[in-house]
Every structure is written in structure tokens, then in C-alpha cells.
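1. okay, structure incoming, though there's no sequence with it:
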């Protein structure tokens, strides 16, 4: 994987990576809160032989700019469109997880013409009124991200992965610890104040929703969301929690690749469009 920097709005720099054959269909990958584009290593490796893979560190994450908070999802969606425009991506399959899933919902509702398909993973369609966000922001303001690392891992991963301290757990531990306070705060602000739920019935982009089987109440909620999106598919990833793409990459890759391949095949068939 080779990375490069793209500058938007004259000063906002974003760390991105591009791999895969030129001329192949594009896939854009969007990371969760407190992670970075390396979260997609396994999926990118599985797909880059036949697709052009574009990954980016969301604003305030990885090596992308950490502007002053608060952030909004309208801004995070605008970042994606700006990055796509910068490298000439007119239309792409979009795959986002958690915060990246919310970014994907925003794209489907406001920039559907830029999507060949949408895959949303382990994410909600609207903010939840939860006091935990404010408590986490207080902790981060006072002490940085360090106190949140282990509690976050315990929420995100299955008990088995935590007990075995799998490679996925170790990698995400490092990602959380390296996230900037400004980036975390700004994106939490966005996660506290968005609502894409009202527009689900209007989505006409081919859509797949994916949830880790052990991601709390997420599977039930996402099944209900899928029922509201015309023609949407829903899949559960076994033996996985909140970051299903990295905790069970084999099953995640099989399901998402099958969906993206099917949409791509249909779009190339005479008389049919994705």
C-alpha cells in the first residue's frame, strides 16, 4: 500500500491510498471513529485484484488534518466528495463502518449519483441521545485518549478476541491510542447530532447492511433499517462485534465481495444499470 496526500479547501490535507488496476471499478472505504485506513487492510487485499481501491483517513484521524471541532456529517460527506473529485472518481462502490457507515448514509441521500452501491457496516442511521458521549468527551479533554483505549476495545470486540488478544485487537489498540483529541472530539460531535433515518425509503442505490453478530443491539436495529430501504440486503457476520471487517475478515470479505461483484455484473449487463 502506498499513501499520498490530497489537499482540499487549500489547507485541509487528507492521507489516502490508492491501489488496484487502473480502469477497474472504484471502491471507496471509510473508517470508524478512532481508527484509520489500515482498518481495511484485509478487505483491500481481497478486492484489489479486480477493483481500484481508494482508502482515506477520515478528518481528524490517522494522518489526515485535525481541524478544530465540532465536525458535522455534512462536512464529512463533503470531504468524501472532494476527495473523489480530486482523483477523478465519478462513481464508486462505497463501504463504510460505524462512523463511515453514517458517512455512507449521507452520500446515499444527498449524492446518490456518485454511488454504484452502498455497504454500511455496524452503524446507525441517526444519533442516539446517550450520556456516554459527554462522559467520554470529558475524559478525553482531561486526559487524552489513553483512558478510553481498553474500555473501547471491550465494547467493540468479542470476549474471545479480547481473551486471545488477537492481531485485530492489538492493531485497533494502537489506532485508538494514536487518534488526536481534536479529531476524536470533532467526530463525536458529528455522531451526536445527525439524522439520516427519515430518508431511508427514498434510497435507490443498491444497498447492503452488515452487522457483527455480537455487536449488541446493532443486528436487530440494522435489520429494521434494511427493511426500510427498497431492495436492500442484510447480513450478519458471525464471531464478530462492532468491527466485523477486521474481527472476522474471511466472512466479511465473502459477503461484501459477493454483493459488490453482483452489482458490478448487473451494471455491465446490456439494458441494466446498478
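-> Okay, I see it. Here the structure is a predicted model, which means the values were calculated and not measured.
2. beta partners for residue 13?
-> As for beta bridges, residue 13 partners with residue 7 under DSSP bridges.
3. what about it, distance to residue 36?
-> Computed as Cβ to Cβ, to the nearest Å, the residue 13 to residue 36 distance reads 14 Å. Bear in mind the C-beta positions are built from the backbone N, C-alpha and C, glycine included.
4. these two: which has the busier surroundings?
-> Between residue 13 and residue 36, counted using other Cβ atoms under 10 Å, the more crowded position is residue 36 (23 against 14).
5. once you drop chain neighbours, what's closest to that one?
-> Computed as Cβ to Cβ, 6 or more residues apart in numbering, the closest residue to residue 36 that is not its neighbour in sequence is residue 62, at 3.2 Å.
6. now for the one you found, how many residues are close by?
-> A count of nearby residues for residue 62, using other Cβ under 10 Å, gives 25.
7. which SS state does it fall under?
-> In three-state terms, and counting by DSSP: H, G, I helix; E, B strand; the rest coil, residue 62 is coil.
8. if I pick it, what's in contact with it?
-> Residues in contact with residue 62 (Cβ atoms under 8 Å, 6 or more residues apart in numbering) are 15, 31, 35, 36, 37, 38, 175.
9. what pLDDT does it get?
-> Residue 62 is assigned 97 on the pLDDT scale.
10. can you measure across stretch 7-26, start residue to end residue?
-> This stretch, stretch 7-26, spans 20 Å end to end (Cα to Cα, to the nearest Å).
11. same question, stretch 190-201
-> The straight-line separation of the ends of stretch 190-201 (Cα to Cα) is 23 Å.
12. residue 50 falls within a helix, correct?
-> No. Applying three-state DSSP, one finds residue 50 to be coil, outside a helix.
13. phi, psi for the residue nearest to it when sequence neighbours are not counted please.
-> In space, and not counting its chain neighbours, residue 50 is closest to residue 24: 6.1 Å by Cβ to Cβ, 6+ apart. Main-chain dihedrals, residue 24, degrees, to the nearest 10: phi -80, psi 160.
14. list the contacts of residue 197.
-> Applying Cβ under 8 Å, 6+ apart to residue 197 gives the contacts 125, 126, 225.
15. just to check, the last one is in contact with residue 200?
-> Yes. Using Cβ atoms under 8 Å, residue 225 is in contact with residue 200, at 6.4 Å.
16. shared neighbours, those two?
-> residue 125.
17. who has more neighbours out of those two?
-> Shown here are residue 225 and residue 200; by other Cβ under 10 Å, residue 225 has more neighbours (23 against 20).
18. if we can go back for a sec, closest to residue 259 among the contacts of residue 62?
-> Nearest to residue 259 out of the contacts of residue 62 is residue 31 (Cβ to Cβ; 19.6 Å).
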